[in-house]
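> Give the three-dimensional model of this entry:
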Amino acid sequence: MSLITFDTHHLKAGTWSGLVAGVVFGGLLGMMGVFPMIASLIGSTSTLVGVAVHLIISAIIGAIFSLFFGHEAMKLGKGIIAGLIYGLGWWFLGPLLIMPIGLGMGAQLSLTGMQAALPSLGGHLVFGFILGLVYQRLSQMPRMAGSEEAQVEAVE
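Alright, predicted model coming up:
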């Protein structure tokens, strides 16, 4: 076993970046009227609950971004490109796998399923772009309060 070291400053930058990107993407999702469907993942139909679930997921996705891309995404161009690729990845994971499986519909990886999810592709790319841009900016700022290096034991 070995130790993996990561900087909680990056984790915080990723979390906040995910929230910012989630707010922007949330505007698009609101216009599409999908918040009640997002809320149904936890047994609700409330738009407000859907917004809350979306923002929590956005923050988690941002934190994961920081773990995957960390120091590489600190450079503006690389941060944006990483964000766009990451957004594309979440388009496959979110509306094609996680959401439909969570709603009992099964994976939607057919051509018909992808066509149905196509309207959200632009939103996921916008999310990724903003995530990469904001992450790059926040990660360059002086350390956030309470940031420190942490070590996690990893199995090889």
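> drop to CA atoms for contacts and neighbour counts, all remaining ones
OK.
> does the spatially most central residue of the chain count as helix, strand or coil?
Per Cα atoms, centre = their mean, the C-alpha nearest to the average position across the chain is that of Ile61, at 3.1 Å. Under DSSP: H, G, I helix; E, B strand; the rest coil, the three-state class of Ile61 is helix.
> State the distance from it to Gly113.
23 Å (Cα to Cα, to the nearest Å).
> just to revisit the earlier point, tell me if I'm right that the residue nearest to the centre of the chain and Gly18 touch.
Yes - if you go by Cα atoms under 8 Å, Ile61 and Gly18 touch, sitting 6.3 Å apart.
> Run through the chain and note the low-pLDDT ranges.
Low-confidence segments of the chain (pLDDT under 70): 1-6, 143-156.
> coming back round to it: contact partners for the residue nearest to the centre of the chain?
Remark: with contacts taken as Cα atoms under 8 Å, 6 or more residues apart in numbering, Ile61 is in contact with 15, 18.
> roughly how far is the longest helix seen in the chain from the heart of the chain?
When the chain is parsed with DSSP state H, its longest helix is helix 111-140. Distance, stretch centre to chain centre, for helix 111-140: 8 Å (Cα atoms, centre = their mean, to the nearest Å).
> elements contacting that helix?
helix 8-32, helix 76-93 (3 or more Cα pairs under 8 Å, 6 or more residues apart in numbering; DSSP states H and E).
> so which of the ones you listed comes closest to Leu109?
Between Leu109 and these, the shortest gap by Cα to Cα is with helix 76-93, which sits at 8.3 Å.
> Need the residues that contact the helix or strand just after the closest one.
Sequence-wise, the next helix or strand downstream of helix 76-93 (DSSP states H and E) is helix 99-102. The contact list for helix 99-102 (Cα under 8 Å, 6+ apart) reads 38, 41, 106-108.
> Return the member of the residues you listed nearest to His9.
The closest of these to His9 turns out to be Ile38 (Cα to Cα; 29.8 Å).
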